[in-house]
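*Asks:* pasting the sequence and the predicted coordinates here, then a few questions.
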Amino acid sequence: MRLAGVLLAVAAPLLAALLVAGVRSTGVFDEDAPAIAVVEATPTATPTAAAAEPAVVATIPAGDGPDGITVADDGIVWVADFRAGTLLQISAAENARVGRAVRAGRQPDSPVVTDGVVWVVSSGENAVRRIADARSRTIGVGKEPEALAVGGAYMWVTNAGDGTVTRIDRASGELVGAPIGVGGRPLDIAVDDELAWVTSFEDGTVTRIDTGSATLVGEPIAVGRRPRGVAVGEGSVWVANAGEDTVTRIDPLDGTVVGDPIPVGDNPRELAVGEGSVWVANAGEDTVTRIDLPSGKVAGEPIPTGDDPTGIAVGAGAVWTANFRDGTVTRIEP
């Protein structure tokens, strides 16, 4: 065994030398031989899940003629049943009606909930209802009130029949000052920190009111034909032009129109801002259009709703439409 080991030790270097010489003769270690290209693996991109598109997740029965709609902080969706003259409640947690219908006068619309108090216009009575602690108070305003908005200590009311805006003290329920004259047939109102923005359906304009002095600011702003809904959010004022199927974007700092009108669906009635988008209810084609923020461009395909969505609200992590003709509310997951 020791002799074999000695022979192996002597033979090994000789074999190695012969092997290297043979390899050199093939050019593998030749300095003039072409280099072997080293190809690095290209990293494979990990597939990412596409952003989910908004989708309808529930259709909820909501009376005979659901019109205005809002979502309270406690997750209750309040719906004005225009034909029945009542307010209905829907639990966002259950996607179902809860509680009893609340009487709201003739032709109720535009419910607003703030500080535990429910407000709603009673257009057929030229009044606003203030409902608190199960008690309802009727407050006379202008002719054919259409919309409500909270601004500071006041509730602001548009009176379509006489072209005015009325202020109501939220704490006392009393009228404040004289009616403020605006454009022809004011149908909606939105309030930011300093201004109230009012659409004038007949004039194709938006009027600004200083909320501190209750006086008009500047000239009316020309928008599209037959403007209806108006909303404030994400640094802009948004107006739904029912007569030309567009949305106008306004810079609230100087009142200038930003960019071209944004095309949406047929007969856009109302809009709401939230969940990173502007949501437009297209009553003429039973859809909702989503406008991306801050780009101001239409995103995705129209979202189907029930028949004749005349009201829209954002809250409780969802978008809600009141569908007048088929008596339902549609819930959209954004």
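*Replies:* Sure, I can see it.
*Asks:* pLDDT score assigned to the residue lying closest to Thr246 once chain neighbours are set aside?
*Replies:* Setting aside the residues directly before and after it, Thr246 is nearest to Pro261 in space (CB to CB, 6 or more residues apart in numbering), at 3.7 Å. The way it works is simple: take the backbone N, C-alpha and C, and place the C-beta from them, glycine included. pLDDT, the model's per-residue confidence, is 98 for Pro261.
*Asks:* any regions of the chain where pLDDT drops low?
*Replies:* Counting by pLDDT under 70, the chain contains low-confidence residues at 1-51.
*Asks:* so where do the helices sit in the stretch 101-250 of the chain?
*Replies:* Listed from the start of the chain, the stretch 101-250 of the chain has no helices (DSSP state H, counting those that start in this stretch) to report.
*Asks:* just to revisit the earlier point, give me the distance between the residue nearest to Thr246 and Ala101.
*Replies:* Here Pro261 is placed at a distance of 39 Å from Ala101 (CB to CB, to the nearest Å).
*Asks:* over to Asp292?
*Replies:* The value you get for Asp292 to Ala101, if CB to CB is used, is 37 Å.
*Asks:* do Val157 as well
*Replies:* Per CB to CB, Val157 is found 23 Å from Ala101.
*Asks:* neighbour count winner among the two?
*Replies:* The residue with more neighbours, out of Val157 and Ala101, is Val157; 27 against 15, by other CB atoms under 10 Å.
*Asks:* the more buried one is in contact with Gly140, isn't it?
*Replies:* No: under the contact definition of CB atoms under 8 Å, Val157 does not touch Gly140, with a separation of 10.7 Å.
*Asks:* still on that earlier bit, my guess is the residue nearest to Thr246 meets Ala240, correct?
*Replies:* No: taking CB under 8 Å as the contact criterion, Pro261 and Ala240 are not neighbours in contact, 10.7 Å apart.
*Asks:* who has more neighbours, the two?
*Replies:* Under the neighbour definition other CB under 10 Å, Pro261 and Ala240 were set side by side, and Ala240 has more, 33 against 16.
*Asks:* ok, the more buried one - contacts?
*Replies:* Ala240 sits next to Pro227, Arg228, Gly229, Val230, Val247, Val264, Pro268, Arg269, Glu270, Leu271, Val280 when contact means CB atoms under 8 Å, 6 or more residues apart in numbering.
*Asks:* among those residues, which are in strands?
*Replies:* Within these, membership in strands is found for Pro227, Arg228, Gly229, Val230, Val247, Pro268, Arg269, Glu270, Leu271, Val280, as judged by DSSP state E.
*Asks:* ranking those by neighbours, who comes first?
*Replies:* When neighbours are counted as other CB under 10 Å, the busiest of these turns out to be Pro268, with 34 neighbours.
*Asks:* excluding sequence neighbours, find me the nearest residue to that one.
*Replies:* With sequence-adjacent residues excluded and distances taken as CB to CB, 6+ apart, Pro268 is closest to Ala240, at 4.0 Å.
*Asks:* how close does that neighbour get to Ile332?
*Replies:* Note on Ala240: its distance to Ile332, by CB to CB, is 17 Å.
*Asks:* please identify which helix or strand holds the residue nearest to Thr246.
*Replies:* Assigning secondary structure by DSSP states H and E places Pro261 in strand 257-263.
*Asks:* just say helix, strand or coil for Asp64.
*Replies:* Applying DSSP: H, G, I helix; E, B strand; the rest coil to Asp64 yields a three-state assignment of coil.
*Asks:* quick one, what contacts it?
*Replies:* Taking CB under 8 Å, 6+ apart as the definition, contacts of Asp64 comprise Asp81, Arg83, Ala84, Gly327.
*Asks:* for those residues, name the two members farthest from one another.
*Replies:* The distance between the two most remote of the contacts of Asp64 (CB to CB) is 9.7 Å, for Ala84 and Gly327.
*Asks:* could I get the contacting residues of the residue nearest to Thr246?
*Replies:* By CB under 8 Å, 6+ apart, the contact list for Pro261 reads Gly224, Asn241, Glu244, Thr246, Val247, Thr248.
*Asks:* export those to CSV and tack on distance to Ser110?
*Replies:* Output for the contacts of Pro261, formatted as CSV (distance: CB to CB, whole Å):
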residue, distance to Ser110
Gly224, 21
Asn241, 19
Glu244, 23
Thr246, 23
Val247, 19
Thr248, 21
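*Asks:* from those residues, pick the one nearest Thr199.
*Replies:* Closest approach between these and Thr199, by CB to CB: Asn241, at 9.1 Å.
*Asks:* quick check: the gap between the closest residue to that closest one other than its chain neighbours and Ala147.
*Replies:* In this structure, Asn241 finds its nearest non-sequential neighbour in Gly224, 2.7 Å apart by CB to CB, 6+ apart. Counting by CB to CB, the gap between Gly224 and Ala147 amounts to 18 Å.
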